[in-house]
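# no sequence for this one, just the structure:
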């Protein structure tokens, strides 16, 4: 779309499952993985005479999410009934919010741009249909689970930015512990609206809604496809139908699902079973105070206070647990100013590399952040070399021991004694007369192989910079 | 059957037992099955419960405020393990998976649930004639309607099958049948009684309440079923007053308004006469009678027939034949199955209201109907609030007519709907209202009058109604 005469406008509607003990309108457990229809009650299966009672925990989590997304919380919001017949919907209406949502006017910063969030509202999830050969079964375990819907303004300008927005959104929600946001497991779902209009025009074109995207990559692919499809139609002089389209992952295309004429009339009206939801200002302030430091402000602090480069700061903050690991280790550094860069590079390269190959993440690694700080301290103080540190790290990872202990037990401590180094250097010169000769004739590059000899002899335990210095001292004395 | 107070004394003193009270009740029910008041009778269970009560009394334990008293409940209230049909083919075999809060409360005070009473299907009707289980007959005159929708609950009390029953009132469904059958019936302030476990008709209007032979018994039942319920977000957090205990007392100086709009030509002469005569008695007892005006009353029926069906259309959507209830197989897709089940399961009045409700909530009509009706509802509420600045209570006919004949109005829907013209306003406003029999018309049919009070004025209503009831009864004896 780079050289197109059209520009893209995208709006995203994201559903995220809230992490809570119980469902939104009944006190059934809110969790996944249980046997079908074991986490149900008369309320969440829509028995006659049952009534919804909004769970405080769900409301607080939703407020927390909305605050993390910089929204204004509405003191009064209203639950409404969204009506449509579908077998996974026990009451054949979903309790949602429509005219007066829980929160409005937030934003997310993605790719250096502020993207406006129009609203965040609460609603209940539906059950799950399990299709078999000749029958369809319904599992109501998920029915009534608390969801928030986050609706962005139509301000996203490319599929890549959409993906960036989603990543940021997930990061914030996971950081705030309101949701797992796992798209593959369905705890985060995304629908997108996309339209094209001429670059010089400010009037938005006819939009299509795209559904059924199960990963960030799928969102990006589906929107790229949809933008191309619309562009081709427009270039041919055809009109875009306002319709809902499904992303077909296997065939890499979107296909029409229903047109505007077939669109549902949801017949929303305020749920008479639920009084308006009132969220007091004091509650909002309490939650605001309890919000963890979010990535944007962490990155700023790492760069400012700690002097870490932007790239490293961003990588460290990708996950809350990673940032916590780093901050924990940082607090145990002996020389914070000098050690911080080494520490961040150790986390971002060595540790993350190891985690990747072993398929682990910050939530389940056994490595203690204090140990990694100790390792950096040992390097900084010259007790071990970088090369040794890598070996020690391997042992730390495998045997869950602290570096000091490994160093002591295996005699791995760096050789830094003046006398010992001198002896080693003299032997190196004796055994490599050719190299020594060349050095003396001015080819100082031969110092490298000489240092290498010492390191090899000591299995890397000699302090290389001391060896280098001593070798020069001895040879220069012979000039 | 004697009233609750007398029966309770007899059971506690050992002059009779709970078992024999229940046996007597069951005997009567069986001998008068042609009234068709009942959908299900819990013979075995009620006898078991009665003997438990008798055991308790023998051991000197407290059997509860309603220990051993047989009580009927409307068949839209759930009792775990028992059928709750709502008098609909849709739920004729539906077994309740839990128990309604009102039933829990009755049971925990020792009441014996004798069974479930007939009603208009899903409480939609004013004559008891929309039931899938056949019409209920008025014990006063079996060719006449007992009123509705709590037709069986009113008829069973009037026939003396039980001393009291529970009904539900969305637009007059307790008061109008109580008026037609000549008994007392009360719709409490919205939120006083939990709705949990009562199949909804229109959630913002529904309120369960007692029907009984006397004001005192009505108060005694309300005292037991009222109270905050954490399962119902619309129930009021407040300590329950001792309604029955505080019932006697002077009504000197109580200001009572009679709305002129309720006393015009549309109201039968005999009804007007009885109401005015009762007002005369109230005045004699020291009350101050005033004529007032409630001009918005004429809009109540129109407003009601938008809001109630709108809520009902959503409330009844869950009855799709998928999870429970009548399930028809269309041999086609899901939606066709649902359509087939609902076509077969619902009666015509229910279908009419579902369609009406669906229509007024549809895009393009919502603003013109639903929103407008909500605004009018607010005006009606305000009109009552203004009236209660001038008077303490409003006294008016419960229905413009006495019991009409079975089949008399089934052909004219509007006429049927207008039968609730005087009761609907209290539901729209959410205020309490109680029907009291105030005499008979020339055909010896009971005339009912209602007291409407401000929010949570049940105690005052009971006191004034009790005073009037006493006077009317003593004058009848003379």
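That came through, no problem. Fair warning: this is a prediction, and the values are worked out from it, not measured in the lab.

# can you pull out the strands in chain B?
Along chain B, counting by DSSP state E, strands occupy B:38-41, B:70-74, B:112-117, B:164-169, B:184-187, B:207-212, B:255-259, B:288-292, B:393-397, B:433-440, B:446-453.

# what would those strands look like in a markdown table with mean neighbour count?
The C-beta positions use only the backbone N, C-alpha and C, and glycine is treated the same way. Shown next, in a markdown table, are the strands of chain B (neighbours: other Cβ atoms under 10 Å in any protein chain shown):
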| stretch | mean neighbour count |
| --- | --- |
| strand B:38-41 | 21 |
| strand B:70-74 | 30 |
| strand B:112-117 | 28 |
| strand B:164-169 | 29 |
| strand B:184-187 | 32 |
| strand B:207-212 | 30 |
| strand B:255-259 | 20 |
| strand B:288-292 | 15 |
| strand B:393-397 | 27 |
| strand B:433-440 | 27 |
| strand B:446-453 | 28 |
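
# redo those strands as TSV? Include mean pLDDT and distance to chain A.
Shown next, in TSV, are these (pLDDT from 0 to 100; distance: least, Cβ to the nearest Cβ, whole Å):
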stretch	mean pLDDT	distance to chain A
strand B:38-41	98	15
strand B:70-74	98	12
strand B:112-117	98	13
strand B:164-169	98	11
strand B:184-187	98	17
strand B:207-212	98	11
strand B:255-259	98	27
strand B:288-292	98	29
strand B:393-397	98	25
strand B:433-440	98	20
strand B:446-453	98	22
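
# can you pull the buried residues of the top helix by length along chain A?
As assigned by DSSP state H, the longest helix anywhere in chain A is helix A:216-235. Using 16 or more other Cβ atoms under 10 Å in any protein chain shown as the test for burial, helix A:216-235 gives A:216, A:218-227, A:229-231, A:234.

# likewise stretch B:209-224?
B:209-224.

# kindly report the same for stretch B:397-414.
For stretch B:397-414, burial by neighbour count (16+ other Cβ under 10 Å) applies to B:397, B:398, B:399, B:400, B:401, B:402, B:403, B:404, B:406, B:408, B:409, B:410.

# run the chain-centre distance for it.
Here the centre of stretch B:397-414 is set off from its chain's centre by 17 Å, with Cα atoms, centre = their mean, to the nearest Å.

# over to stretch B:94-104?
With Cα atoms, centre = their mean, you get 18 Å for stretch B:94-104.

# and the contacts of it?
A:42, A:47-50, B:73, B:77-85, B:107, B:113, B:166, B:193-194, B:196-198, B:208, B:225, B:229, B:231-232, B:324-325 (Cβ atoms under 8 Å, 6 or more residues apart in numbering or on different chains).

# ditto for stretch B:26-43
B:1, B:46-47, B:72, B:75, B:82-83, B:85, B:87, B:113-119, B:133-137, B:139, B:142, B:151-153, B:155-156, B:159-161.

# enumerate the residues of chain A near chain B.
A:42, A:45-54, A:81, A:83, A:85-87, A:90-93, A:136, A:138, A:265, A:267-269, A:271-275 (Cβ under 8 Å from any Cβ of the partner chain).

# for the residues you listed, which PyMOL command selects only the ones that are buried?
Here is the PyMOL command that picks out the buried ones among the residues of chain A next to chain B, judged by 16+ other Cβ under 10 Å:
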select buried, chain A and resi 42+45+46+47+48+49+50+51+52+53+54+81+83+85+86+87+90+91+92+93+138+267+268+269+271+272+273+274
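
# so which of the residues of chain A next to chain B are in strands?
A:81, A:83, A:93, A:136, A:138, A:269.

# quick one: which of these is nearest to residue B:439?
residue A:269 (42.9 Å; Cβ to Cβ).

# where along the stretch 101-250 of chain A do the helices fall?
Along the stretch 101-250 of chain A, counting by DSSP state H, counting those that start in this stretch, helices occupy A:159-175, A:216-235.

# do the stretch 51-200 of chain B as well
Under DSSP H, counting those that start in this stretch, the stretch 51-200 of chain B gives helices at B:101-108, B:151-158, B:175-181.
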